[in-house]
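Colleague: any chance you can model this:
(one chain, ligands or ions: 1)
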Amino acid sequence: MCQPVPFEVDFGMIVKAIESYRANLRNAVRGLWSGDFDYFWFYDQMMLSIERGFTQAWYEGAAMYGVKPSELTDEERNALRSEIIKETNFIDALGQAVLAKNRASGGKLEPLYARAELWVAAYNRVRTLSSTYAAADQKHVWNLGRAKEHCRDCARYNGKVHRMSVWRKYGAIPQSYELYCHGYKCTCSLSPTNAPATPGRPPSPTGK
Ligand SMILES: [Zn+2]
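Modeller: Residues are numbered from 1 along each chain as shown. Below is the predicted model:
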């Protein structure tokens, strides 16, 4: 099996899922920024959104290769759990940034929404990460996204072909924080290919 099985996946639903993830994050940011809700509400909203959003993203990434939620291994479930925990570690910093620029102090909502986009990008990263488990042995090619400018890591990865497990092993995942661009505005993707594998290993990302 060298191709994903998109016929099992409703791509319209995927668009909706990431849109609702964005809406949930913005809702949390706006609630805290406006003063309508307090920090603890914000924290809970973020926790819930990440838990639900990442789980959904993981299921989608697996479903693209025919793996059902009930078929996820312990290794995959642990990896998902660890992604959720890592992301929740950043909630406080976001909350402090929102409070520092809240409405009462004359701060604008738009820059905070722009910052939230980095969190939205994590949805696609988690979906791809999930696929690296579900399709571990399959070769995938790195496709540069449609953004006008690309960071040096993405540019180096462009067109390279590796098995999914290899991309993951060296931390080369589109939208990941470890990329030079920290994944911000990265629209790169990994797609299945029968092209010959690139010799050697991918270089590690340089954004840490
Ligand atoms: Zn990129």
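Colleague: residues of this protein that sit close to the ion?
Modeller: 154, 186, 188 (C-beta under 5 Å from the ion). Using the backbone N, CA and C atoms, a C-beta is placed for each residue, glycine as well.
Colleague: mind doing that once more with 6 Å?
Modeller: Proximity of the chain to the ion (C-beta under 6 Å from the ion) is limited to residues 145, 150, 154, 174, 186, 188.
Colleague: test my guess that the fourth one contacts Trp142.
Modeller: Yes: in terms of C-beta atoms under 8 Å, Pro174 counts as a neighbour of Trp142; the distance is 7.4 Å.
Colleague: residues that sit against both of those two, list them.
Modeller: Counting by C-beta atoms under 8 Å, 6 or more residues apart in numbering, the residues touching both Pro174 and Trp142 are 154, 188-190.
Colleague: what is the nearest of the residues of the chain next to the ion to Phe42?
Modeller: Taking C-beta to C-beta as the measure, Phe42 lies nearest Cys186 of these, at 26.4 Å.
Colleague: and stretch 18-29, how far out from the chain's middle?
Modeller: 14 Å (C-alpha atoms, centre = their mean, to the nearest Å).
Colleague: return the set of buried residues in that stretch.
Modeller: Residues of stretch 18-29 classed as buried: 18, 21-22, 24-26, 28-29 (neighbour count, 16 or more other C-beta atoms under 10 Å).
Colleague: between the two ends of stretch 166-174, how far is it?
Modeller: Start-to-end span of stretch 166-174 (C-alpha to C-alpha, to the nearest Å) is 14 Å.
Colleague: show the average pLDDT along it.
Modeller: Regarding stretch 166-174, the rounded mean pLDDT is 97.
Colleague: buried ones in that stretch, by neighbour count?
Modeller: Neighbour-count burial for stretch 166-174, counted by 16+ other C-beta under 10 Å, picks out 166-168, 171-174.
Colleague: mind putting the residues you listed into TSV with distance to Gln45?
Modeller: Putting the buried residues of stretch 166-174 into TSV (distance: C-beta to C-beta, whole Å) gives the following:
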residue	distance to Gln45
Val166	37
Trp167	33
Arg168	30
Gly171	30
Ala172	32
Ile173	26
Pro174	27
